[in-house]
Each structure stands twice: as C-alpha cells, then as structure tokens.
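In: this is a predicted model, with the sequence first.
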Amino acid sequence: MQYEWRAHYLDGQTAIRHPATVRLMRRGLEVEAPGVWTRFWAYDDLRQTQGFYEGEEVRLEHGGELPEALLIPDVDFLASLHEVAPHLGPRFHDPARRGQRVRLTILAGVAVVAITGALYLWGIPVMAALVTPRVPVAWEEGLGRSVVEHLAPRKLVCPDPRRQQALDSIVARLAATTPSPYTFHLFIVNRPQVNALAAPGGYIVVFRGLLEQTGGPEELAGILAHEMQHVLQRHTTQAVIQHASTGLLIAALTGDMTGPLAYGLQSARVLGQLQYSRRAEAQADAEGMKMLLAARIDPAGLIGFFERLMKGDKPPRTVLMYLSTHPSHRDRIERLKALAAGAPGPPVPLLPDSDWGDVKALCSAFGPGTPPP
Amino acid sequence: MEESSPGSSAAFFRRPAPPPPGPMPAPGPPPGAEGPDVVRRPSFHGSGGTLLGIHVVNVLLTLVTLGVYYFWAKTRVRRYLFSQTQFEADRFAYHGTAKELLLGFLKAFVVFLFPIIVLLGVRDWPGVDANIKAVAASLASILFFIFTPVAVVGSRRYRLSRTSWRGIRFSFRGKAWHFIRIFIKGSFLTGLTFGLYYPVYLTRRQAFMVSHSYFGNEPFEFDGRGRDLLGTYLLALLLTLPTLGLCWVWFVAWKRRFFWNHTRFGSARFRSTVSGGALLGLYVVNGLLLALTLGLAWPWVRVRNIRFGFRYLALEGPLDLERIQQQAQFASATGEGLAGFLDTGFDLG
C-alpha cells in the first residue's frame, strides 16, 4: 500500500500553491513542505470538501473559516486512507462506493417518479378536497369580488332594476332549496358571448348572448342552478388550491431550474386542471338538476336549451364558447334526462306573470353587445 | 442589509493560526518571468449526467422533507459546479452552507417579505378605506422597487464571499445604497428617454458590480463607458424589425465582449471573443435539446452554457499572484434569501 502521496498545500493566506508530501499515519497526516517544515494534522481536525466526483482533486481543509488546504490529485489516496484508518468511516469519501452511488441515484429517480405520480393523481386532489371546506366564506367572497371586478366591470353590467328583479327571483327560488352560507349575486354583462360562469363566494355572471338565446325562464334557471352549484360545491376554491399545490410540486421538481423544464411541466398542469374541471362540471350538472327539481322547476327547459344549442347545423361562433367551457355532448343531455326523471311532483311555473321576451331584453338599451376584449 | 468595511471582517472570520514558522519560498518562475502575452483560460469539467444525478436525489429529498431540503439542494449543486471549474490547474471552491441559506431565507422573509405581504393584504382586504389602500399599495411597490437592488447586491456579496480559488476568498464591497441610487436613476432616466438610457445604465451597473469585486485584497477594475454601448444598442433597435429581433443575439454577444474586454485584474485583462453567430448556435442547439427531451436535457444545457462562456474567455497578461493576500469580508445570506424571492437569476456561468 502507498503511504506517501504527492500533494499541494495552500496556506489560506496567499494564492501560491506549494508542493507538499503527505504521509498517512494511524491518527493523522504528516504534511511536509520539502525542506521547509513538517507538521502533523490529526484526522479529527480535517474535513474533506472536494474529491467526491470524477475529475476533482481530493481537498482536505484544516482550520477555521479560512483554512489551510491540501490538494491531492490522486483519488486512490482516499482508498489508502480508509485502509490505514478504517475507524474514520464516512468522514471521508470512499471512491469505491461511487458505483453504489449511481445505483442509489437511479433508485431515487424511480422514487421521484412514483411520488410525483401519486401526489399528482391522488395526493393533491384529496388534499384539496380536505382543505376546501375549511376555507372561510369571507375569503371566498373577497376572491369572488375581485374576479367579478375583472369579468364584469361596472360599466358592462346592464342596470335595469325591474327586469333584474325578475331574474333575481329565479336565483332566490333556487337558493331557497338548500341552506348555505352564501349570498348570491347575479350580474348580466353586456357581452355577445353565449356563456355563464360562477366566481367563488356567490357571484354568478351571465353574458347577454346567453340570456338572449334562452326561450323561457326555466331554461335560464337550469343554467343558474348549474353555476350556483359551482359556488356551493366550492369548485373554484378547490381549483385554486389544486393549482397552487401543483405549482409547488413543479417548483420542487425543477429546483433552481426555471424555464424550459418548468414550461414542459406547465402543460401537465393545464391537463390536470382540465381533468379537475371535467369532474366539477359533471357534479355541477347532477347537483344543479337536483336543485331544479327541489325548486319544482320544469327541467325540460334546460334540456331543450342544450338540444337547441347542439342541433343548430352551424352553431354561431359565440355558441361554441359555451360548449368549450361546458362540455356539451349527447351523453351529457342523456345524463340530464335520466336525472330529470326523478321529479318529485308537477313543476310550478316560473315568472308566470312576466313576458320572457321582455325580461331577456335586459341589455337591449345598450345596443349590440360589446365585442370581446 | 449588513455593510462591512475591510477592517470589520475579523468580527466574523477568526484570524487563522499564525503562519508557519519560516517563510515558504514561492515555487515556480520568479515574478516577471512571464511575458505580457501569457493567455490563461478557465475550463469546466462537470458532466450533465452527474448534474442530473445530483438533481434527482435533490428532488427526492426536497419532496420527502416538504421543501426544507431545498437549501441543501441548492448548496450541493453550487458546490459541484464550482468544484468542476478550473483555472490555472486549480479548482474553485464554494463555501456556502445550507444552514446559512435557510437562515438567510427566514431573515429575508421576516425583515423584507413580511411587510410587503401585510401591505398587499391591506390593499386587497375588503372594507378598508380607499385612501389607506392606495397608501398601502404605493408603500408596497416602493418597498418592492427598493428591494430589487438590495437583493442583487446582497446576493452578489454573499456568493463572492463564499467563493475561493487557491484558498483565497473573493468579496464584493459595494454598498447597497450606492446601487439603489444607480438603480433608481437608471430606471427613471430609461423611462424618461424611452429606453435610450438603458445601455448607459447597463454599463454603470456592470461598472459598479465589477469594480467593487475583489480577489483577496486585489480589486477587479472596469473601464468601459456608458456611451460605448449606445451606438450598438441603437443599431440593434433599428434592425429589430428587418431581422425579426435576431440582431439582439449579436447585441448580447457584443455586450459580453464589451464588458469582459473592459475588465482588468491587476495588470491582466480579460478578453472575450464570443460572436453573435456562436451564441445563436448555442441557443438553437439548446432549444432543440430541450424541446426534443421535454426539458429533461437541462443539466446538459447548463453544462453547455458554462463551457460556452469559458471557451471564448481568457485572461491575458501577467498575473502577479505573489501580491494577493487573503482579505475575506463578512457577508450574511439575507440578500441571497431575498434574491431567492425575486428570482433575479444571477448564477455561475
């Protein structure tokens, strides 16, 4: 075995590297600057800071914040060190274990894939479902208000107290079917798109385009029930929590690396979001239908509305928008029909004294709808 | 933000043991034996595969520790990258510890980020008076604006203080308030001149960063003037439309050459020969690598970037290492923690 090794010595005070010789002893190293001095460094006072990877010299530091250092080019030195002083164990790197490190790294890679998959498919949805009911309603209302300020700025909301009152009465009749901590606010927005959406905390936004496509109050009531269920089931809040958690997971995966890898994973995030939202849509459909039935509103209106949207040979561009955010397939209509079969009794008509053609012209005073921004 | 003068360093760094008895004769040729045309190049020896391995283990431990390991992960990557960087047959060394980073993060959070969060909370809280909201919002943006230069300086101070070559620490001795002034003036004049002041600001900023950087007791020097960059900047602006923006790659290469070629250390001068074409080639191949591997090739891309930077860089002229004395400076990790929030993206290479 080789006891004597060629090295370089740095004194921690100047930038000159001095040739040195190192001899392995039982309790420490004998360091010799040829012809100048010889010193003894106990193993207990040494720490290794380099020489863990291919190509690095072994660097041993001795002393406090600004240490002296020994640089030994040949990593076989470490093997000899472990032979001379086996009691030191993992204090100093053992190059013989580099193969083992590769195997452990591969295992770590498998574990990362497994943990990430489990968190993404199972952990995050379950966690979000557990956390969501504990989010204070006041927080949701704050979030909802800021969303509504964006989507329905005051100058785009059609102000018509008389007709609005008729629409609010539909919301009130639906809301009365179930106790809830939310106060619902309905905004009709002067935009041509056929769409409706819900913000957390009880805010429902219906675009003028959708309102004018409805053939009666029952049709609108079906859509309102669906959106109100998004609020009651706290779908948006849950999505926000899921989105933030997925963001944290991505941050953990990419570490320091922002950019390309993160962008690649962002698409997985969007896909996940779509998955969540499809589940939420199905739930809002089912619960919304139950709400309609509980309010004794005729479900045929909603089903007829969807069938009309689907049947149009060439649905106008604005209709496609509703279909893209509310997946509207044949089987969705079939599912709704099946749910509607459970009606408890004959429906009680909505707004029997009003002319729907007049009510739905709520935004007509504004002229043609504002084009999308 | 801690400020320190060269004299106060002893408070943090204990004086090392007195030098060994008897001066050591310096080996090698006597100073002055090397001519002015000596060319020295840094080199990088790390591999993308090893970097990926380190990253994989880091990710696992970060997930298992719910993120706490992040600071250890960062330190491991830096230690590897520095240890694989070589100049004159000696590797650089990174001395930062994860504990420092964690404490720096916590301190930055309490001292800097927490007030911003509170102010933003006041701004967004329903039912608060609109005037109070406006005050809170403007205070928050002022704080945020000031924190950027504080973080940039703090992070540079921390990183240089934890970097050594041949056992001698680097240091950064610029004052944060000095950079805040440059930053505010730069942002203000850039806005006022519709961007024309920007290259001057870039150069001022570089001059500040370089000329307050030290290796041991020897400072780096920067002698570029702001207006030198202006002509190229204007040319790039004019060519933006005809070249569909590609001319900016050449501007970046020109800027790098300009910055390096005006950087000196003692009697030696840095020289960069990077060209726009080479830089474009790097970007294209990196982009392809990332696109074809869905981003998994990023460790190799990182290695390629560092190698590229060094390939076109040299230090020319006599390097009088005899004169260099250890002169480490105190630096807390708070600015580094703050830079983590702001993602200023300063890193090796």
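Out: Received it, and whenever you're ready, just let me know what you need. Residues are numbered from 1 along each chain as shown, chains lettered A, B, ... in the order given.
In: now B:Leu319. Nearest residue, chain neighbours left out?
Out: B:Ala268 (5.0 Å; C-beta to C-beta, 6 or more residues apart in numbering or on different chains). The C-beta positions use only the backbone N, C-alpha and C, and glycine is treated the same way.
In: would you mind measuring from that neighbour to chain A?
Out: Note on B:Ala268: its distance to chain A, by C-beta to the nearest C-beta, to the nearest Å, is 13 Å.
In: surely that residue touches B:Glu316?
Out: Yes: B:Ala268 is within contact range of B:Glu316, at 6.3 Å (criterion: C-beta atoms under 8 Å).
In: compare those two (neighbour count), which wins?
Out: B:Ala268 (19 against 16; other C-beta atoms under 10 Å in any protein chain shown).
In: tell me what that one is bridged to.
Out: B:Phe265 (DSSP bridges).
In: name the SS class of A:Cys5, please.
Out: You called it Cys, but residue A:5 is Trp. Three-state call for A:Trp5 (DSSP: H, G, I helix; E, B strand; the rest coil): strand.
In: please, where are all the strands along the stretch 201-350 of chain A?
Out: Assigned by DSSP state E, counting those that start in this stretch, the stretch 201-350 of chain A shows strands spanning A:203-207.
In: what's the distance between the residue nearest to the spatial centre of chain A and A:Ala128?
Out: The residue lying closest to the centre of chain A (C-alpha atoms, centre = their mean) is A:His243, at 1.9 Å. Applying C-beta to C-beta, to the nearest Å, the value for A:His243 to A:Ala128 is 9 Å.
In: quick check: closest non-adjacent residue to residue 232.
Out: No chain was given, so I picked chain A. According to C-beta to C-beta, 6+ apart, the nearest residue to A:Leu232 is A:Ser180 (5.7 Å).
In: oops, chain B please
Out: Closest residue in space to B:Thr232, ignoring its immediate chain neighbours: B:Trp254 at 5.1 Å, by C-beta to C-beta, 6+ apart.
In: so that neighbour is in contact with B:Leu279, correct?
Out: No: under the criterion of C-beta under 8 Å, B:Trp254 makes no contact with B:Leu279, lying 9.9 Å away.
In: would you list every one of the strands in chain B?
Out: In chain B, the strands defined using DSSP state E lie at B:39-40, B:43-44, B:85-87, B:90-94, B:163-165, B:168-172, B:213-215, B:218-222, B:263-265, B:268-272, B:313-316.
In: how about the ones you listed, which one is nearest A:Ala284?
Out: strand B:90-94 (53.4 Å; C-beta to C-beta).
In: so what are the sheet partners of that closest one and their directions?
Out: Here, using DSSP bridges, strand B:90-94 pairs with strand B:85-87 (antiparallel), strand B:163-165 (antiparallel).
In: which residues touch the residue in the stretch 51-200 of chain B that chain A sits nearest to?
Out: Chain A sits closest to B:Gly167 of the stretch 51-200 of chain B, with a gap of 3.7 Å, by C-beta to the nearest C-beta. By C-beta atoms under 8 Å, 6 or more residues apart in numbering or on different chains, the residues touching B:Gly167 are A:10-13, A:15, A:66-69, B:326.
In: ditto for A:Arg59
Out: Taking C-beta under 8 Å, 6+ apart, one finds A:48-51, A:69-71, B:91, B:93 in contact with A:Arg59.
In: now, which of those residues sits nearest A:Leu151?
Out: For the contacts of A:Arg59, the nearest to A:Leu151 is B:Ala93 (55.0 Å; C-beta to C-beta).
In: show me the contacts for that closest one.
Out: Contacts of B:Ala93 by C-beta under 8 Å, 6+ apart are A:49-50, A:59, B:82-83, B:163-165.
In: 6 Å instead?
Out: B:Ala93 makes contact with B:Ser164 under the criterion C-beta atoms under 6 Å, 6 or more residues apart in numbering or on different chains.
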